[in-house]
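> My questions are about this predicted structure, shown below with the sequence.
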Number of protein chains: 2
Amino acid sequence: MKNTLGYSLRTTVGDIEAREYLKAAIELAIAAGTLTLPYFRSGVEVDNKGLEGSFDPVTEADRAAESLIRQRIADRYPTHGIFGEEHGAKSGSGLTWVIDPIDGTRSFMSGMLHWGVLIALFDGETPRIGVMYQPFTEELFVGDNATAEYRRGTVRRTLQVRPCGSLRDAVLASTGPDIFVEAQQSEAFNRVSRAVRLTRFGGDCYLYCLLAMGQLDLAIEAGLKPYDIQALMPIIRGAGGVVTGWDGSNPAMGGQILAAGDARAHAQAQRLLEASA
Amino acid sequence: MKNTLGYSLRTTVGDIEAREYLKAAIELAIAAGTLTLPYFRSGVEVDNKGLEGSFDPVTEADRAAESLIRQRIADRYPTHGIFGEEHGAKSGSGLTWVIDPIDGTRSFMSGMLHWGVLIALFDGETPRIGVMYQPFTEELFVGDNATAEYRRGTVRRTLQVRPCGSLRDAVLASTGPDIFVEAQQSEAFNRVSRAVRLTRFGGDCYLYCLLAMGQLDLAIEAGLKPYDIQALMPIIRGAGGVVTGWDGSNPAMGGQILAAGDARAHAQAQRLLEASA
């Protein structure tokens, strides 16, 4: 992605710093993800449903993981900002850690596998590094916009999107039809869905990682928050993919998101979406 | 589940035999699942798309796994029948192995995680044992209608459904809205979907295993084949759940399937479905 606004107003992140931040983000994601695991499929929610002082393991896991990440960032980078799903924003001097401790909480609460911890480092315009970690499968996806990598156990694999020159050949994914709350959003999504080979539902952050891995061609969603998408942008772009708003805008603030492995599929999908975007 | 047709016409599977068959089914599922893994996320499909003599890794994995299972069953139990997705039926003298080497091929081909190997042993009316194995996550779900168990690494956990007295509290899952090909099927599904707390798409066999684990309350599907559901029935029932057709019939031959962890939720969902079932 060419940055059309230029870099002059942005905080510079040098290569050496970026490597250090990436290492820190990976450590944070693994620590936070590991913390969520005892809550996964714990069954505690049901036992307490409707009782006074009831205990919701999803919220509890979310909060515990975000608190851990925030504390470690505050200790290590006291001047940096933090923006997270559970505990809001803390402003800083230029660089902001944008975190979603459990992206895909509805998958998490249903015992499904397509969820993960998201951590990005945002320079005010673009997330410079992004990490997704799924602690149950021990899968790590990392990216810095230039490159992206998959790690699991001893496996290290460069992430690379696959070619897709036509929507007719594309596999499209989205978290679910209910994320398109406005009728015109549903209609726009359905126009693309009718044009592709296959549409798959269920996924959240995991979809974008599979797109970076060359397993899916398109991801289309709406109503995303900044912490839902920022960590995924450097992974998608590092793997050679394209991610924007439905109208081609900077997706860092969330909203309506269109990601594609191939710029040709992105352009074709965008034309179908834009009629109502 | 009370068997209303009685057992007199059925082939008897004694306890000792059942244990041996369960052990065999587990070995088969693990061997077949392990065989599919090199094809998972291999990316070969894309490289060859549209070429003469192109190679489809999903079909290839499916066939290779089913061939392995069939060969081993033929060697070990030469009088038994075999019914599989890829290679059809071989009749036998009473007991039939009903297998789906990769249930959830569209998940498999998209790099997603909700798929698995299914193996059941069918006595002509009811599957007596069932095994689901997900080789990537190394998760094994086994059941014999009386009990059900989850195994992963050193973890052994009894599978047990969770209580759900009202659809208002239920989490409903289904593979995707496109499996309801007839309008009246969609309408029936939507009546239940509107009555529940949350509907999740994406899952195939994995959904029913999560239901047995007490993570989901309802699964509703249509157009299933016998090999899509038989292995899951002894797991669901062994965990205390209920699985029938939408009209309450024996689900062993597939079709429209309704599974619930709690008989009360099953009855409420069935009433909503039956208006058009």
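Perfect, I can see it now. Residues are numbered from 1 along each chain as shown, chains lettered A, B, ... in the order given.

> how close does A:Leu272 get to chain B?
19 Å (CB to the nearest CB, to the nearest Å). Bear in mind the C-beta positions are built from the backbone N, C-alpha and C, glycine included.

> For that residue, grab the count of nearby residues.
Neighbours of A:Leu272 under the rule other CB atoms under 10 Å in any protein chain shown: 21.

> who's in contact with it?
When contacts are counted by CB atoms under 8 Å, 6 or more residues apart in numbering or on different chains, A:Leu272 touches A:167, A:188, A:191-192, A:195.

> what do you get for A:Ile235?
So A:Ile235 contacts A:130, A:132, A:141-143, A:148, A:159, A:208-209, A:212 (CB under 8 Å, 6+ apart).

> looking at these, which has the most residues close by?
Within the contacts of A:Ile235, most neighbours by other CB under 10 Å means A:Gly130, with 33 neighbours.

> That one: what secondary structure?
For A:Gly130, the assignment made with DSSP: H, G, I helix; E, B strand; the rest coil gives strand.

> so what pLDDT did it get?
Reported pLDDT at A:Gly130 in the predicted model: 98.

> ok, it touching A:Asp228?
No - A:Gly130 is beyond contact range of A:Asp228, at 11.8 Å (criterion: CB atoms under 8 Å).

> what about the strands in chain A?
A:81-84, A:88-90, A:96-103, A:116-122, A:127-134, A:139-143, A:148-152, A:155-158, A:171-174, A:198-201, A:218-224, A:242-245, A:255-260 (DSSP state E).

> Mind giving me the packing neighbours of the third one?
Read it as strand A:96-103. helix A:15-36, helix A:57-76, strand A:81-84, strand A:116-122, helix A:226-229 (3 or more CB pairs under 8 Å, 6 or more residues apart in numbering or on different chains; DSSP states H and E).

> contact partners of it?
A:25, A:32, A:36, A:58, A:61-63, A:65-66, A:69-70, A:73, A:77, A:80-86, A:108, A:115-122, A:124, A:127, A:132, A:204-205, A:225-228, A:230-231.

> in its sheet, what does it sit against?
Within its sheet, strand A:96-103 is paired with strand A:81-84 (parallel), strand A:116-122 (antiparallel), according to DSSP bridges.

> Likewise for the second one?
Sheet partners assigned to strand A:88-90 using DSSP bridges are listed as strand A:81-84 (antiparallel).

> coming back round to it: most widely separated two among the contacts of A:Ile235?
Spanning the widest gap among these are A:Val142 and A:Tyr208, at 13.0 Å by CB to CB.

> shared neighbours, the two?
Common contacts of A:Val142 and A:Tyr208 (CB under 8 Å, 6+ apart): A:132, A:235.

> Out of the helices and strands packed on strand A:96-103, which gets nearest to A:Leu172?
Minimum separation from A:Leu172 across these (CB to CB) falls at helix A:226-229, 17.1 Å.

> A:Gly81 contacts A:Lys90, correct?
Yes - judged on CB under 8 Å, A:Gly81 makes contact with A:Lys90 at a distance of 5.9 Å.

> neighbour count winner among the two?
A:Gly81 (18 against 15).

> Tell me how far A:Glu86 lies from A:Glu66.
4 Å (CB to CB, to the nearest Å).

> more neighbours, the two?
A:Glu66 (24 against 18).

> Could you list the low-pLDDT ranges of chain A?
A:1-13, A:43-56, A:276-277 (pLDDT under 70).

> Would you mind listing what in it touches chain B?
Within chain A, the positions adjacent to chain B are A:41, A:43, A:46, A:49, A:106-107, A:109-114, A:136-137, A:162-163, A:169, A:171, A:173, A:176-178, A:198-203, A:206, A:210, A:213-216 by CB under 8 Å from any CB of the partner chain.
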